[in-house]
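> sequence and predicted structure, then a few things I'm wondering about:
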Amino acid sequence: MDLRTYLNQATRGEAARVARDVGVHPVMVSQWASGRKEVPVDRSAPLERATGAAVRRWELRPTDWFVHWPELVGTEGAPEIPSEEEVQRAA
């Protein structure tokens, strides 16, 4: 599930709780959810934990997750590694 969907389905105050757990301002969580800003690598794992793994790192960084967390390759639910062409299109 992507972050926007997670927050849309959550109860009131969830974005603030996630922000507090991740150590950022709630506005930053909103910007990540809207796609205005990319989730930094160092915030991805804490964000995954804060959502109880409802939002996974590979959903937060779909074009380079396998570079930063190679241990996730082959994990149940993990997507295929994107092709070079898909990575270029996303850039």
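Alright, I've got the coordinates.
> give me the number of residues near His69?
You called it His, but residue 69 is Trp. Here the neighbour count serves as a burial measure; for Trp69 (other CB atoms under 10 Å) it reads 19. C-beta: built from backbone N, CA, C; applies to glycine.
> from what I can see it touches Arg57, true?
Yes - the pair formed by Trp69 and Arg57 meets the contact definition of CB atoms under 8 Å, at 5.8 Å.
> check which helix or strand Gln31 maps to.
Taking DSSP states H and E as the definition, one finds Gln31 inside helix 26-34.
> find the nearest non-adjacent residue to the one residue sitting closest to the centre of the chain, please.
Within the chain, one residue has its C-alpha closest to the average C-alpha position: by CA atoms, centre = their mean, that is Leu60, at 2.4 Å. Nearest non-adjacent residue to Leu60, counting by CB to CB, 6 or more residues apart in numbering: Val39, 4.4 Å away.
> ok, now which ones touch that neighbour?
Residues touching Val39, when contacts are defined by CB atoms under 8 Å, 6 or more residues apart in numbering, comprise 3, 32, 47, 60-61.
> distance check, it against Glu84.
Between Val39 and Glu84 the distance is 22 Å, computed by CB to CB, to the nearest Å.
> what does stretch 49-60 contact?
Outside stretch 49-60, the residues that touch it by CB under 8 Å, 6+ apart are 1-3, 6, 17-18, 21-22, 32, 39, 44-45, 47-48, 65-66, 68-69, 72, 77-79.
> one step back: helix, strand or coil for the residue nearest to Leu60?
Using DSSP: H, G, I helix; E, B strand; the rest coil, the structure places Val39 in coil.
> roughly how far does it sit from Trp58?
11 Å.
> ok, Leu3 next?
With distances taken as CB to CB, Leu3 is found 12 Å from Trp58.
> what does Gly74 give?
12 Å.
> between the two, which one's more packed in?
Legend: neighbour count by other CB under 10 Å for Gly74 and Trp58, higher for Trp58 (23 against 9).
> and the closest residue in space to the more buried one that isn't next to it in sequence, what's its pLDDT?
In space, Trp58 comes closest to Trp65 once its chain neighbours are excluded; the distance is 4.1 Å by CB to CB, 6+ apart. What the model reports as pLDDT for Trp65 is 93.
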